[in-house]
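A.B. asks: sequence and predicted structure are below.
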Amino acid sequence: MEESCPALDNLNELRQFVHLALCEQNDFEPGAFQFSERILVRGGRPVGLFFCLHGPRSVKLTAIWDADQNTIIFYSSTGERRSKARLGRRLPLVPSAA
């Protein structure tokens, strides 16, 4: 169930990879639905990112990037774990300027 993902150089490439993966898993047109993210904090320290693709009819597809483990876990709209991808290199977790 774990797969490797292409070499990603920055957080923008990570966002694009997650967005496209969520769209592909569910046969959604990339860019057709809102895509959001939040920084995950543990003990006052940022430890990852939570991604959400807001699909049709209130469907929400999610993924979590665990910066410490350097993995992305993808979830279905029911919250069931669908797949896991390991990043090739570690990315720095820097808050995005939104």
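C.D. replies: Nice, thanks for sending it over.

A.B. asks: flag the shaky bits of the chain, pLDDT-wise.
C.D. replies: Applying pLDDT under 70 to the chain flags the ranges 1-6, 94-98.

A.B. asks: rerun that using 50 as the cut-off
C.D. replies: 1, 95-96, 98 (pLDDT under 50).

A.B. asks: using the three-state scheme, assign the spatially closest residue to Pro30 that is not a sequence neighbour.
C.D. replies: In space, and not counting its chain neighbours, Pro30 is closest to Cys23: 4.7 Å by CB to CB, 6 or more residues apart in numbering. The way it works is simple: take the backbone N, C-alpha and C, and place the C-beta from them, glycine included. Three-state assignment for Cys23 (DSSP: H, G, I helix; E, B strand; the rest coil): helix.

A.B. asks: how far away is Cys23 from Phe33?
C.D. replies: 8 Å (CB to CB, to the nearest Å).

A.B. asks: mutual contacts of the two, please.
C.D. replies: When CB atoms under 8 Å, 6 or more residues apart in numbering defines a contact, the residues bordering Cys23 and Phe33 alike are Leu53.
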